[in-house]
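K.L.:
Let's see this in three dimensions:
(2 chains, ligands or ions: 5)
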Amino acid sequence: MGKLTIPQEELMNSGHIGCLGCGGTLAMRYLLKALGKRTMITIPACCIAIMSGIYPRNFLKVPLLDVAFETTAASASGIRAALDAKGIDDVYVVGFGGDGGTADIGIQALSGTAERGDNIIYVMYDNEAYMNTGIQRSGATPFGAWTTTTPVGTTGDFKKRPKKNMVEIMVAHDIPYAATASVAYPEDFVKKVMKAKDMDGTKFFHVFSPCPTGWRYSPEMTIQIGVLAFQTTVFPMYEVENGVYRVTKKPAKRKPVADYLKLQGRFKHLDDETIKIIQKNVDRNWEMLLAKAEFTKKFAE
Amino acid sequence: MAKSVEDLPYIPLMSESSAVNKTGVWRVIKPIVDQEECNQCYICWKFCPDVAIHIDEEGSILIDYDHCKGCGICEAVCPKKCIEMVKEE
Ligand SMILES: Cc1ncc(C[n+]2csc(CCOP(=O)(O)OP(=O)(O)O)c2C)c(N)n1
Ligand code: SF4
Ligand code: SF4
Ligand code: SF4
Ligand SMILES: [Mg+2]
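P.N.:
Ligands and ions are numbered 1, 2, ... in the order given. Here you go, the predicted structure:
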């Protein structure tokens, strides 16, 4: 028998109703492996909220609370306050929201939670659009992407604004820990959660979660697409601990972004000129990240 | 499972595992593992979004066809190329 690289215990059930090859469900599966049974989760409207199927079914083996779209972080803060009042201190409280529910609709509540320093873990599983309602553009949709509200068509109207950088926004709140992770690298994700889970205060994870339905690719490619997002540095792996940046995984050799874009139908309208613009932005963001890591090194404890 | 409205709690509580949903019926292609070739690296287990790959006492890979949706991720990630997707009858 070989060795397992992540914990074996499954706290997510089979029989959930996610699409074939759903990346978001993997984010949940890995998160619970890292946190264990003494965990409570609050989930806003999103694909993950409907995973259980019809009442009274539950796709998780831990308590889960379905809340209104904009209240994920506020409800997590509330659960923590209730646990504190009852003197229960061995439970992890998690807000688990989509990119729309986090970067746009729930950002006010999240900012409040982070500013108060409430002791919760927030996970934004990022499928780069409002998927559950039919692939509408969100603040986390990347430049160049087709969605049903940036429909390309005859006007060439793909998304023209860059992806909102949620880790930066969270770092600006002076929280102890913020990190990116990807479902293509579960060991890295689990390790980061293990490292941060007992820190006091708000911990934030931005988890890259490929979505075959919304990104227009065949479901077996979910992991391959996550790997390419890392290798091209479209989605780099890093953590920020008390303001100090550290790149946790570096690709041996960076691949051109076209390798990543060409596998997905949502980018198929892009011409060479536009791909060049995307490459330039990805290069710049990568250089900036390395510079931040270099610059903040001296502030490490 | 509650039999009537009277059996339901005042606050809706989800009390039953989603495993009662037999999502295996969604499948159009089916993963078949060649156990002779498998080196038990568990990479397929790691990446199955449907928690439909189990490891038995001997350490062998076991696919739960009641829940496997046939996404093909396991075939795509297997380094030994010992999972084959075949058409469902
Ligand atoms: C206040 C409110 N507005 C709109 C909706 C409809 N709605 C439900 S899920 C969803 C999309 C959520 O997108 P995201 O947070 O990115 O999660 P995903 O579905 O992509 O997993 C929307 C718009 C709602 N439930 N509540
Ligand atoms: S639309 Fe995307 S995120 Fe939602 S269940 Fe399907 S694959 Fe998962
Ligand atoms: S085909 Fe997909 S759902 Fe079925 S066992 Fe393989 S990875 Fe799991
Ligand atoms: S990935 Fe392939 S070799 Fe590894 S355990 Fe699965 S079937 Fe066996
Ligand atoms: Mg989304």
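K.L.:
From here on, just use CA atoms for contacts and neighbour counts.
P.N.:
Fine.
K.L.:
For chain B, which residue gets nearest to ligand 5?
P.N.:
residue B:49 (17.0 Å; CA to the ion).
K.L.:
How about that residue: what's its closest non-neighbour residue?
P.N.:
Nearest residue to residue B:49, sequence neighbours excluded (CA to CA, 6 or more residues apart in numbering or on different chains): residue A:26, at 5.3 Å.
K.L.:
before we move on, which element is that neighbour in?
P.N.:
helix A:23-35 (DSSP states H and E).
K.L.:
how about that helix, does it get close to ligand 1?
P.N.:
No: using CA under 6 Å from any ligand atom, we find that helix A:23-35 stays clear of ligand 1, coming within 7.2 Å at best.
K.L.:
what's that helix in contact with?
P.N.:
Residues outside helix A:23-35 that contact it (CA atoms under 8 Å, 6 or more residues apart in numbering or on different chains) are A:6-12, A:18, A:39, A:48, A:92, A:125-127, A:182-183, A:186, A:189-191, A:193-194, A:197, A:207, A:209-211, A:222, B:47-50.
K.L.:
for the most centrally placed residue in chain B, what are its contacts?
P.N.:
When CA atoms, centre = their mean is applied to chain B, the residue found nearest the centroid is residue B:52 (1.7 Å). By CA under 8 Å, 6+ apart, the contact list for residue B:52 reads A:14, B:45, B:63, B:64, B:65, B:67, B:68.
K.L.:
quick one: pLDDT of it?
P.N.:
Per-residue confidence at residue B:52 stands at 98 (pLDDT).
K.L.:
What's the local residue count around the residue lying closest to residue A:223 once chain neighbours are set aside?
P.N.:
Setting aside the residues directly before and after it, residue A:223 is nearest to residue A:184 in space (CA to CA, 6+ apart), at 5.0 Å. When counting by other CA atoms under 10 Å in any protein chain shown, one arrives at 26 neighbours for residue A:184.
K.L.:
What residues does residue A:184 make contact with?
P.N.:
The neighbours of residue A:184, taking CA under 8 Å, 6+ apart as the test, are A:222, A:223, A:224, A:226, A:227.
K.L.:
who's in contact with the helix or strand harbouring the last one?
P.N.:
Meaning residue A:227. Remark: residue A:227 resides in helix A:222-231, with elements defined by DSSP H and E. Contacts of helix A:222-231 from elsewhere in the structure, counted by CA under 8 Å, 6+ apart, are A:21-23, A:182-185, A:208-212, A:235-237, A:251-255, A:259-260, A:263, B:47, B:73, B:77.
K.L.:
Could you pull up phi and psi at the most centrally placed residue in chain A?
P.N.:
For chain A, the residue lying nearest the average C-alpha position, counting by CA atoms, centre = their mean, turns out to be residue A:207 (2.4 Å). The phi and psi values for residue A:207, taken as degrees, to the nearest 10, are phi -110, psi 120.
K.L.:
And for residue A:143?
P.N.:
Recorded main-chain torsions at residue A:143 are phi -50, psi 140, according to degrees, to the nearest 10.
K.L.:
do the one 5 residues further on as well
P.N.:
Reported as degrees, to the nearest 10, the phi and psi values for residue A:148 are phi -70, psi -20.
K.L.:
distance of it from residue A:155?
P.N.:
With distances defined as CA to CA, to the nearest Å, the gap from residue A:148 to residue A:155 amounts to 14 Å.
K.L.:
got the residues of chain A near ligand 2?
P.N.:
Within chain A, the positions near ligand 2 by CA under 6 Å from any ligand atom are A:18-19, A:22-24, A:47, A:127, A:131-132, A:211-214.
K.L.:
run the last query once more with 5 Å
P.N.:
Taking CA under 5 Å from any ligand atom as the measure of proximity, chain A contacts ligand 2 at A:18, A:19, A:22, A:47, A:131, A:211.
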